[in-house]
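Student: here is the input, now give the coordinates:
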Amino acid sequence: MTLIRFAIFFTFDSIIVSGSTFIILKKRLKLSPWGNRSLFFIHAFSAFLMIFAPIQYRMNHADINLTRNYILQFSQYYMMGWIGVTLIIFGIAEIIQFIFKKFDPSKRIFLTEGVARGLLTATSVASFGGFLQLQAGPKVERITIKLPTLPKSFDGFTIAQLSDVHIGPLLNKDFAHKIVLQTMELKADLIALTGDFVDGTIDQLKEHVLPFQQLKAEHGIYYITGNHEYYSGADEWLAHFESFGVHAFRNSNKVLEKRSTSGELEKILLAGVFDLQGERFSPAHRSDPAKASITSESIACKILLAHNPRSIEEATKAGFNLQLSGHTHAGQFYPFTWIARLFHQYFEGHYHVNENTQIYVNRGTGFWGPPNRLGKTGEITLITLQSS
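Tutor: Model prediction:
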């Protein structure tokens, strides 16, 4: 049923988006009959790719080591990005055109053929520019977060956060190896993996996630599910990461301990929850920050790993002082960033929710879908905790 819903969604979405873009461009570019036929072919073929390629990847468990599979997936995702950007930019231009005509009918038409051709050139250059920016890989974002309840012995404690890596059709073991090396160079006390690490089954990707075995930290490696793990077997992936020596949270927690200079044993609580979409796939995977906060010990400082920033409401009620999330990709690239920001209160970076709770949202270490990171470079976060 999941594959059927997935196929229906991609079919409907691809036809609507490609069809709308074709209609707008045909109207504004004023091409010759041959030009219009070519434009139709480009959009029809792109729609076919956007429907066929994702289904082929999932239904046939496509081997991402095969060049033909990579070309197929890259082509459909690149065209998805280009058509999406074109639709948004021309949609904005159509709105401006409507406003000009409504308030001043005698005013010269804004969206002329020349402007339309210029916009199309700009969107094409922007898509390619976003692809080039992607090649630079993620950069390290260093941030200090002050927690009033943090024990003194944890002052300066560091957490390296990886999120939304999306090993799958376009990102393989080479990318995984690169980010593992970047992360290990940080020498963090703890490493947090906040979901959406894979896009595919274990059979497809087991070779490509092997580099994550190399992650090491004094206080452990911790993993939670994102929504994408559920598309290819969340329980299986949780168990697979555990086989690497990673601690997988299932609405659960672990107490971390350090001795103060006076020899006193001080503690913080680190917890993790299932993704908010987990319940759609299994009742046992309902996200429950309250359950994750339960401990028999009296601990003043609690940190939660939750893939979706929207978990913060329940995390606040459960008494967590800091939530580490991902999911949003910060829109991944412009102009989608403008739209994505409308749907996420906590979109990117560090926020104070209230006087007791804070949240940090990682903008994604890898990428999903279109190979484009225009204006939003991937991120590995190094968080330094301070008591205050």
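Student: low-confidence ranges, the stretch 51-200 of the chain, go.
Tutor: Within the stretch 51-200 of the chain, the segments meeting pLDDT under 70 span 102-110.
Student: and the helices in it, which stretches?
Tutor: Chain-ordered helices for the stretch 51-200 of the chain, with DSSP state H, counting those that start in this stretch as the definition, fall at 67-103, 113-135, 173-185.
Student: CA atoms of stretch 140-159 as PDB?
Tutor: What follows is stretch 140-159, C-alpha atoms only, in PDB (Å, rounded to 0.1, in the frame of the first residue of the first chain):
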ATOM      1  CA  VAL A 140      30.800  22.600   9.700                       C
ATOM      2  CA  GLU A 141      28.600  25.000  11.700                       C
ATOM      3  CA  ARG A 142      29.900  25.700  15.200                       C
ATOM      4  CA  ILE A 143      27.500  26.900  17.800                       C
ATOM      5  CA  THR A 144      27.500  27.400  21.500                       C
ATOM      6  CA  ILE A 145      24.300  26.700  23.400                       C
ATOM      7  CA  LYS A 146      24.000  27.800  27.100                       C
ATOM      8  CA  LEU A 147      21.800  25.600  29.300                       C
ATOM      9  CA  PRO A 148      21.100  27.000  32.800                       C
ATOM     10  CA  THR A 149      20.600  23.500  34.200                       C
ATOM     11  CA  LEU A 150      23.700  22.000  32.600                       C
ATOM     12  CA  PRO A 151      26.000  20.500  35.300                       C
ATOM     13  CA  LYS A 152      29.400  22.200  35.600                       C
ATOM     14  CA  SER A 153      31.200  19.000  34.700                       C
ATOM     15  CA  PHE A 154      29.500  19.100  31.300                       C
ATOM     16  CA  ASP A 155      30.600  22.700  30.600                       C
ATOM     17  CA  GLY A 156      32.300  22.600  27.200                       C
ATOM     18  CA  PHE A 157      30.700  19.200  26.300                       C
ATOM     19  CA  THR A 158      30.500  18.900  22.500                       C
ATOM     20  CA  ILE A 159      27.900  17.200  20.200                       C
END
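Student: outside of it itself, list whatever touches it.
Tutor: Identification of contacts with stretch 140-159 by C-beta atoms under 8 Å, 6 or more residues apart in numbering yields 182, 186-192, 256, 258-261, 264, 266-268, 300-301, 321-322, 324, 349-350, 358, 360, 379-388. C-betas here are computed from N, CA, C, even on glycine.
Student: same question, stretch 26-35
Tutor: For stretch 26-35, contacts defined as C-beta under 8 Å, 6+ apart pick out 36, 38-40, 90, 111, 113, 116-117, 120.
Student: ok so, going back, in strands, which of the contacts of stretch 140-159 fall?
Tutor: 190-192, 256, 258-259, 266-268, 322, 324, 349-350, 358, 360, 379-387 (DSSP state E).
Student: circling back: can you flag the buried ones in the contacts of stretch 26-35?
Tutor: Buried members of the contacts of stretch 26-35, counted by 16 or more other C-beta atoms under 10 Å: 39, 90, 111, 116, 120.
Student: how about the contacts made by the first one?
Tutor: Pointing back at Leu39 there. Residues near Leu39 by C-beta under 8 Å, 6+ apart: 22, 25-26, 29, 31.
Student: how about a cut-off of 6 Å?
Tutor: Leu25 (C-beta atoms under 6 Å, 6 or more residues apart in numbering).
Student: need the pLDDT of it.
Tutor: Model confidence at Leu39, given as pLDDT, is 94.
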